[in-house]
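Trainee: Below are the sequence and a predicted model for it; my questions follow.
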Amino acid sequence: MSKVILRLALLFCVSSVLALAGRAQQTAAADPIPSAARASYSAFDVNAATDAYLAKVPPDKKARSDAYFEGGYWLILWDFLLSAAILLLLLESGLSARMGDLAEKITARKPLQTVLYFLQFLLLTSILGFPLAVYEGYYREHLYGLATQTFGPWFREQLIGLALSMVFGSLLVTALVGAVRRLERTWWIWGAAISVVFAAFLFLIAPVFIAPLFNKYTKLEDPQIREPILSLARANGIPATEVYQVDTSRQSTRATAYVFGFLGTERIVLGDNLLKATPAEIQSTMGHEMGHYVLNHVYKELFYIAVLLAVTFALLHRCLEWSLRRWGARWGLRGITDVAALPLAALILAVFGILYTPIGNTQTRIQEYEADIFGLNAAQQPDGEAEVDLKLGEYRKLDPGPIEEFLFFDHPSGRTRITAAMRWKKEHLPGAPLAPAAAHR
């Protein structure tokens, strides 16, 4: 299923929530700290220490991760082109108009017409986009050794995701179309408000009610791992009394962790892959994830989404009116209130999405860097952070150019993150103005 279609069906899907959680690839033990990262304060060179860490990655592994990540640039284009082709097919063939007519024949109630149309739309676009979804989400992940599922369980989870999109997507699209029909000139304001409330609702229920549909969550029993994490949480004012582990290894070799929730749904969660990492790596990762919570990134994200949606929907309104005047009769569309115009709205949003990619990446990258700095100060594990960042190099390009990082990276690059960790380390070594009583070497 194309990413653009999924975004329309479920603007703020669970995968977006859990995307905040991805951190590092697991390892049994970290390699020794490079000599350049052991120097005294006066001799410590941040760039040399960073280069020494990056040099620990063998050339063949670096080439493999670079190829994987750079292939993702092309997938952005192919996702867009396939989505655009499918949406134009629905419009040019008149199929979208016929789907709307069918919904009207079945029921005279406008909300039910919207639901029936949307279900047809979602199923058809999902089927047409399925070959690329298999390549992108299954075959390619196995090709690079990042996936562990066989096709059957993977396909089952796609069906669960489709069912969730049907339920939540129907609710959202029905509310948005209802706003368009009742408030044709100002619907974009109310549409933004509806979408933000919907996003907040998903953020609230996803960790507790939706995520367990895909994985099993159990309380972490190992006190050697659990207690330092809870201590870190208490030190940073996080009201969590339990740590949970989730069986992400059944799907992927990536490790996950997140500290998420509000209004009593707060949870600290570690993927079982991360449990194989060193204590320093675990503490560094959890310090980062706690940073997202303490820095209120969820609330800031909701505000950012509200502003973004208001602007996007205002532009969408104008583009829809212009497009319908020019091509509406050709496609059998009766105006902006016609639910059969949904593919046109999706196509316009897809174009916006391509143009917006660098801006959205930058906004997310800033929050991730803030969480990195918070994690360094909270966990005080700069070398653990560096090791974690190297493990991210299993599937993220470690050392991109500045323009490449700006355009395509929604997290800071490995070089950026390790540089920050080594800079923090230098300023906490003996002799540094910030040096603590016991420096972390």
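Mentor: Nice, I can see it.
Trainee: Only C-alpha atoms from now on, for both contacts and neighbour counts.
Mentor: Fine.
Trainee: pull the longest strand from the chain.
Mentor: Ranked by residue count under DSSP state E, the longest strand found in the chain is strand 254-260.
Trainee: what comes up buried for that strand?
Mentor: Across strand 254-260, burial judged by 16 or more other C-alpha atoms under 10 Å covers Arg254, Ala255, Thr256, Ala257, Tyr258, Val259, Phe260.
Trainee: measure Phe209 to Leu270 for me?
Mentor: 17 Å (C-alpha to C-alpha, to the nearest Å).
Trainee: Neighbour count for these two, which is higher?
Mentor: Leu270 (25 against 10; other C-alpha atoms under 10 Å).
Trainee: what's whichever strand or helix holds that one packed up against?
Mentor: Per DSSP states H and E: Leu270 is located in strand 267-271. Where contact means 3 or more C-alpha pairs under 8 Å, 6 or more residues apart in numbering; DSSP states H and E, strand 267-271 is packed against strand 243-246, strand 254-260.
Trainee: Can you say which of the ones you listed is nearest to Tyr217?
Mentor: strand 243-246 (4.6 Å; C-alpha to C-alpha).
Trainee: Okay, now the sheet partners of the closest one, with direction.
Mentor: Sheet partners assigned to strand 243-246 using DSSP bridges are listed as strand 217-219 (antiparallel), strand 267-271 (parallel).
Trainee: Single out the most deeply packed of the ones you listed.
Mentor: Counting by mean count of other C-alpha atoms under 10 Å, strand 267-271 has the highest mean neighbour count of the strands paired with strand 243-246, with a mean of 23.
Trainee: Past that strand, which element shows up next along the chain?
Mentor: In N-to-C order, the element after strand 267-271 by DSSP H and E is helix 279-294.
Trainee: any weak-confidence spans in the stretch 1-150 of the chain?
Mentor: 1-31 (pLDDT under 70).
Trainee: who's in contact with stretch 35-55?
Mentor: 34, 386-387, 390, 398, 415, 418-419, 422-423, 426-427, 429-432, 441 (C-alpha atoms under 8 Å, 6 or more residues apart in numbering).
Trainee: no no, stretch 388-399
Mentor: Stretch 388-399 has contacts (C-alpha under 8 Å, 6+ apart) with 23-26, 53-54, 57, 61-62, 65-66, 68-70, 281, 284-285, 413-415, 417-418.
Trainee: so how far is the first residue of it from its last?
Mentor: End-to-end distance for stretch 388-399: 15 Å, by C-alpha to C-alpha.
Trainee: Now it: average pLDDT?
Mentor: The pLDDT scores in stretch 388-399 average 93.
Trainee: still on that earlier bit, among the strands paired with strand 243-246, which comes closest to Leu202?
Mentor: strand 267-271 (15.1 Å).
Trainee: Show me what the longest strand of the chain is packed against.
Mentor: strand 22-25, strand 267-271, helix 279-294.
Trainee: now, of the ones you listed, which is deepest in the fold?
Mentor: By mean count of other C-alpha under 10 Å, the helices and strands packed on strand 254-260 have helix 279-294 as the most buried, with a mean of 25.
Trainee: Give me the packing partners of that one, helices and strands only.
Mentor: So helix 279-294, by 3+ C-alpha pairs under 8 Å, 6+ apart, packs with helix 223-235, strand 254-260, helix 342-379, helix 382-392.
Trainee: any idea of the angle the helix or strand that it is followed by forms with helix 342-379?
Mentor: Later in the chain than helix 279-294, the nearest helix or strand by DSSP H and E is helix 297-331. Helix 297-331 runs at 170 degrees relative to helix 342-379, counting by axes from the mean of the first three to the mean of the last three C-alpha atoms, to 10 degrees.
Trainee: mean confidence for helix 297-331?
Mentor: 94.
Trainee: cool, and stretch 417-437?
Mentor: 89.
Trainee: can you pull the buried residues of that stretch?
Mentor: 417-430, 435.
Trainee: what comes into contact with that stretch?
Mentor: 37, 40-42, 44, 46-47, 49-50, 53, 369, 372-373, 376, 382-383, 385-386, 389, 439-441.
Trainee: gap between Thr357 and Leu88?
Mentor: Computed with C-alpha to C-alpha, the distance linking Thr357 and Leu88 is 22 Å.
Trainee: All the helices of the stretch 1-150 of the chain, residue numbers only.
Mentor: For the stretch 1-150 of the chain, the helices defined by DSSP state H, counting those that start in this stretch cover 3-9, 14-19, 46-54, 59-92, 95-106, 110-134, 140-143.
Trainee: And the longest one, what does it pack against?
Mentor: Looking back up the chat, that one is helix 59-92. Counting by 3+ C-alpha pairs under 8 Å, 6+ apart, helix 59-92 packs on helix 3-9, helix 95-106, helix 110-134, helix 297-331, helix 342-379.
Trainee: ok, and which of the ones you listed has the densest surroundings?
Mentor: helix 3-9 (a mean of 21).
Trainee: which residues touch the residue nearest to Phe409 when sequence neighbours are not counted?
Mentor: In this structure, Phe409 finds its nearest non-sequential neighbour in Asn361, 6.0 Å apart by C-alpha to C-alpha, 6 or more residues apart in numbering. Counting by C-alpha under 8 Å, 6+ apart, Asn361 touches Phe406, Leu407, Phe408, Phe409, Asp410, His411.
Trainee: among the residues you listed, which are in strands?
Mentor: Reading strands off the contacts of Asn361, I find no matches (DSSP E).
Trainee: So which of these belong to helices?
Mentor: Of the contacts of Asn361, the ones assigned to helices by DSSP state H are Phe406, Leu407, Phe408.
Trainee: Which among these count as buried?
Mentor: If we count by 16+ other C-alpha under 10 Å, the ones in helices among the contacts of Asn361 have these buried: Phe406, Leu407, Phe408.
Trainee: I'd like to know how far the last one sits from Leu119.
Mentor: So the one you mean is Phe408. Distance from Phe408 to Leu119, by C-alpha to C-alpha: 33 Å.
Trainee: I'd say Met284 and Ile373 touch.
Mentor: I think there's a mix-up here, since residue 284 is Ser and not Met. No - assessed by C-alpha atoms under 8 Å, Ser284 is found out of contact with Ile373, at 10.4 Å.
Trainee: Let's have the helices and strands packed on strand 267-271 in a markdown table, adding mean pLDDT.
Mentor: What follows is the helices and strands packed on strand 267-271, written out as a markdown table (pLDDT from 0 to 100):
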| stretch | mean pLDDT |
| --- | --- |
| strand 243-246 | 94 |
| strand 254-260 | 87 |
